[in-house]
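**Student:** Output the structure for:
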Amino acid sequence: QLQHLDIVSVESIAPRNQFFQPYSWKVRTGLSQHPRRPNQDSLVFFLNTGSGLAWENRLLPGLIFGMAEVRGQLAPQHPDSYAGGGGVSIGWMISFTEQWKVLARASATWMALGETYEDHAASLGTDLRITDRWSLRLESAYTWRDGYEYPEAQLWLHHYF
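**Tutor:** Alright, predicted model coming up:
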């Protein structure tokens with residue numbers, strides 16, 4: 001059973017300083033199993049976009065960032081076939097080398113349109129760039145949704161076009 005497929009996943013986290021004031025942004029779309037209750041997951045099409053700011057910090061190495069996000073999803077096979085809402089995410093990314101980085105992230109999303117629910121998540125992952133077109137990601141995540149908890153450990157293989 002398909003658990004997750006990113007069709008588009010682009011995230012630009014650019015630090016601000018006194019000379020450059022870029023915005024950080026992201027766009028993700030694809031298919032994902034949406035946990036509703038234990039053993040009642042359903043495959044949904046999702047679109048998640050966000051925009052925010054990032055800074056290099058003198059106290060902590062790496063980049064600290066925050067984004068405001070909008071999320072929509074469609075699940076034609078489910079009675080509540082759509083959901084839409086918004087939320088926030090924060091993160092801390094450290095690049096140890098050009099090939100290796102670590103990312104900690106926390107998010108909260110409130111879906112107010114269609115199927116209504118709250119989604120809170122935290123994750124810690126590491127990325128290893130193998131070549132210019134391939135990378136490997138190991139991630140541990142924990143999600144709280146409507147009174148249920150969903151721990152996950154994931155191994156991702158990314159191919160860049």
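**Student:** Which strand or helix spans residue 91?
**Tutor:** Take DSSP states H and E as the rule and residue 91 turns out to sit in strand 82-95.
**Student:** List the buried residues in the helix or strand just after that strand.
**Tutor:** Downstream of strand 82-95, the next assigned helix or strand under DSSP H and E is strand 100-114. Under the neighbour-count criterion of 16 or more other CB atoms under 10 Å, strand 100-114 has 101, 103, 105, 107, 109, 111, 114 buried. In this view, the C-beta of every residue, glycine as well, is placed from N, C-alpha and C.
**Student:** do stretch 41-50 as well
**Tutor:** Here stretch 41-50 shows 43, 44, 45, 46, 47, 48, 50 as buried, counting by 16+ other CB under 10 Å.
**Student:** now it: mean pLDDT?
**Tutor:** Mean pLDDT, computed over stretch 41-50, is 92.
**Student:** So what touches that stretch?
**Tutor:** For stretch 41-50, contacts defined as CB atoms under 8 Å, 6 or more residues apart in numbering pick out 2, 25-36, 67-75, 77-78, 89.
**Student:** returning to what we had before: in the sheet, which strands lie alongside the strand holding residue 91, parallel or antiparallel?
**Tutor:** Here strand 82-95 is paired, per DSSP bridges, with strand 63-74 (antiparallel), strand 100-114 (antiparallel).
**Student:** Contacts made by that strand with the rest, please.
**Tutor:** Contacts of strand 82-95 (CB under 8 Å, 6+ apart): 13, 50, 52, 60-75, 101-117, 119.
**Student:** just to revisit the earlier point, now pLDDT and distance to residue 158 too, for the buried residues of strand 100-114, in JSON lines please.
**Tutor:** Converted to JSON lines, these look like this (pLDDT from 0 to 100; distance: CB to CB, whole Å):
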{"residue": "101", "pLDDT": "96", "distance to residue 158": "13"}
{"residue": "103", "pLDDT": "97", "distance to residue 158": "13"}
{"residue": "105", "pLDDT": "98", "distance to residue 158": "17"}
{"residue": "107", "pLDDT": "98", "distance to residue 158": "20"}
{"residue": "109", "pLDDT": "96", "distance to residue 158": "23"}
{"residue": "111", "pLDDT": "94", "distance to residue 158": "27"}
{"residue": "114", "pLDDT": "91", "distance to residue 158": "31"}
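**Student:** nearest to residue 133, of those?
**Tutor:** For the buried residues of strand 100-114, the residue nearest residue 133 by CB to CB is residue 101; the value is 17.1 Å.
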